[in-house]
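> no FASTA, just this:
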Ligand SMILES: [Zn+2]
């Protein structure tokens with residue numbers, strides 16, 4: 001079996017998945033299959049050779065509850081990788097295997113029908129690169145850096161404000177001294 005992986009999911013996990021599906025349906029023949037896997041978007045639908053051992057699969061993923069976009073916009077955290085929908089993917093794979101065995105749609109039930117194939121139970125297809133969420137430690141480090149930046153920024157603003165205050169006080173003292181030095185008109189009139 002040869003797996004050509006165009007997705008960001010682990011090739012080893014995909015290979016284990018395809019091997020399990022093929023073994024369940026074609027036994028030892030699994031070794032002669034070539035399977036090419038695409039992320040959704042690069043191809044729209046999966047397909048297979050009718051009567052020959054070649055399958056093109058589009059990986060089915062679905063969003064976790066925490067995977068909603070507004071959450072990313074609100075807290076700026078990276079988008080978690082979507083979870084592979086193993087059962088859906090297994091149904092499609094079984095259907096495509098059917099085609100490689102020469103079956104056409106009129107010979108098959110709709111791929112969505114019936115329970116998910118049992119061979120996929122417990123299998124997982126995990127993301128390749130760990131586009132990991134920041135850990136609690138990462139977030140604490142980030143906040144600490146922010147706090148330190150704020151301390152430095154306000155220290156500079158305070159120093160600047162103190163210089164400006166000193167300047168205006170000097171100007172105010174000038175007028176105070178000037179007023180003190182001026183002759184007291186009222187005094188002279190009292191004579
Ligand atoms: Zn089909």
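Now that the structure is in, tell me what you want to look at. Here the structure is a predicted model, which means the values were calculated and not measured. Numbering: from 1, shown residues only.

> Quick check: the gap between residue 16 and residue 123.
Using CB to CB, to the nearest Å, one obtains 6 Å as the distance from residue 16 to residue 123. C-beta coordinates here come from the backbone N, C-alpha and C atoms, glycine included.

> higher neighbour count, these two?
residue 123 (18 against 15; other CB atoms under 10 Å).

> Just confirm that one is within a strand.
No - going by DSSP: H, G, I helix; E, B strand; the rest coil, the assignment for residue 123 is coil, not a strand.

> Quick check: pLDDT value at it.
Looking at residue 123, its pLDDT is 96.

> Next up, phi/psi of it, please.
Torsion angles at residue 123 (phi, psi; degrees, to the nearest 10) stand at phi -80, psi 150.

> Which phi and psi values does the residue nearest to residue 124 when sequence neighbours are not counted adopt?
Distance criterion CB to CB, 6 or more residues apart in numbering; nearest residue to residue 124, sequence neighbours excluded, is residue 13 at 6.3 Å. Residue 13 adopts backbone torsions of phi -70, psi -40, taken as degrees, to the nearest 10.

> Touching, residue 13 and residue 126? I think so.
Yes - Residue 13 is within contact range of residue 126, at 5.5 Å (criterion: CB atoms under 8 Å).

> Looking at those two, which one has more neighbours?
residue 13 (18 against 13).

> can you pull the contacts of that one?
Neighbour list for residue 13: 123, 124, 125, 126 [criterion: CB atoms under 8 Å, 6 or more residues apart in numbering].

> what ranges of this protein fall below the confidence cut-off?
Counting by pLDDT under 70, the low-confidence segments of the chain come to 63-81, 111-113, 130-134, 184-191.
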